[in-house]
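> Need the 3D shape of this:
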Amino acid sequence: MKFLGIDLGWKSQPSGLSYLQWKDDQLHILEIDRQEKIADILTWIDRCVQPEESAIIAVDAPTIIPNATGSRLPDKLTHKYFGKYHAGCYPANLNLPFAERTVKFGLELESRGFDHAPTIEPQKFGRYQIEVFPHPAIVHLFGLEKILKYKKGRLAERRIELLKLQNYITQTLPFLEPSLCFCKHQELTLLPSTGAALKAAEDKLDSLICAYVAAHWWYWGEERNLVLGDRTTGYIVIPQRK
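Presented below is the predicted three-dimensional model:
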């Protein structure tokens, strides 16, 4: 089984991409990348997952937007359940500039056989896509009292927070179930100090969280995951610790 995480650029920004595979009862990192054009992201997906192969693609972006204005139900629910952690998400509606791009991306995945999976039978092979949101996932996976603020603020402060995220990933995910193996992967070692390079590192780490959430959803289903919303309203899958 394969798990792809996509930290999708909602407008024209580059997207972080991570590719994990379940083998020998562990998750192995096969690739971490970054692409700007949607066409290049789709090409990457097609290369990672052949038409007959099973995979879950977890996308950090609203790929289902039924409402013309206001907020979707899952957006509101993130504020209800995760507002105290500062982990509520941005509202999504069809009148916002990013909507066409993110919804179309979900449709492109559906055309490749990746069906939306707001419910799933644990460890059943197939081709699925889900929407995810790294901030509440990070809070739950690592038992935090609030989000890591690596997206806004001074560069030095962002770097410190991003380093915390990197350390949580490398020091905690190998001991969760499913476990993530870092034995042969050296990409998560040093963080850059310049703004543009730090943003690139942020995108990649976010995509790795997305890919892990995909694996966690496949492995546990609703037993250890929270689903905010459904196929009609839009939905967000968030892992929960035991």
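> which residues touch the least confident helix or strand in the chain by mean pLDDT?
Every helix and strand of the chain was ranked by mean pLDDT, DSSP states H and E. The lowest is helix 155-172, at a mean of 91. For helix 155-172, contacts defined as CB atoms under 8 Å, 6 or more residues apart in numbering pick out 138, 141-142, 148-153, 180, 182, 188, 191, 193, 195, 198, 201-202, 205, 208-209. C-beta: built from backbone N, CA, C; applies to glycine.
> Once you drop chain neighbours, what's closest to the most centrally placed residue in the chain?
The centroid of the chain falls nearest to residue 210 when counting by CA atoms, centre = their mean (2.2 Å). What sits nearest to residue 210 in space, not counting adjacent residues and going by CB to CB, 6 or more residues apart in numbering, is residue 5, at 3.0 Å.
> roughly how far apart are that neighbour and residue 215?
Counting by CB to CB, to the nearest Å, the gap from residue 5 to residue 215 is 9 Å.
> Can you pull the residues that touch both of the two?
With CB under 8 Å, 6+ apart as the test, residue 5 and residue 215 both reach residue 20.
> The two: who's more crowded?
Comparing residue 5 with residue 215 by other CB atoms under 10 Å, the one with more neighbours is residue 5, at 28 against 24.
> isn't the more buried one right up against residue 204?
No: between residue 5 and residue 204 there is no contact under CB atoms under 8 Å: 9.5 Å.
> In this structure the residue nearest to the centre of the chain contacts residue 60, no?
Yes: between residue 210 and residue 60 there is a contact under CB under 8 Å: 5.3 Å.
> shared neighbours of those two, which are they?
Shared contacts of residue 210 and residue 60, counting by CB under 8 Å, 6+ apart, come down to 5, 6, 7, 132, 134.
> Which strands or helices does the lengthiest helix in the chain pack on?
As assigned by DSSP state H, the longest helix anywhere in the chain is helix 195-220. Where contact means 3 or more CB pairs under 8 Å, 6 or more residues apart in numbering; DSSP states H and E, helix 195-220 is packed against strand 2-7, strand 15-23, strand 26-35, strand 55-59, strand 127-131, helix 134-142, helix 155-172, strand 234-239.
> So for residue 219, which of the ones you listed sits nearest?
strand 15-23 (8.3 Å; CB to CB).
> what does that closest one rub up against?
1-9, 27-36, 41, 44, 48, 178, 180, 200, 202-208, 210-212, 214-215.
> are any of those buried, and which?
When those are checked for burial by 16 or more other CB atoms under 10 Å, the buried set is 1-9, 27-30, 32-35, 41, 44, 48, 178, 180, 202-208, 210-212, 214-215.
> which residues of this structure score low on pLDDT?
Residue ranges of the chain with pLDDT under 70: 184-193.
> rewinding a little: could you say what helices and strands the helix or strand just after the least confident helix or strand of the chain packs with?
Using DSSP states H and E, the next helix or strand after helix 155-172 towards the C-terminus is strand 180-181. Contacts defined by 3+ CB pairs under 8 Å, 6+ apart place strand 180-181 against strand 26-35.
> Cool, thanks, talk later.
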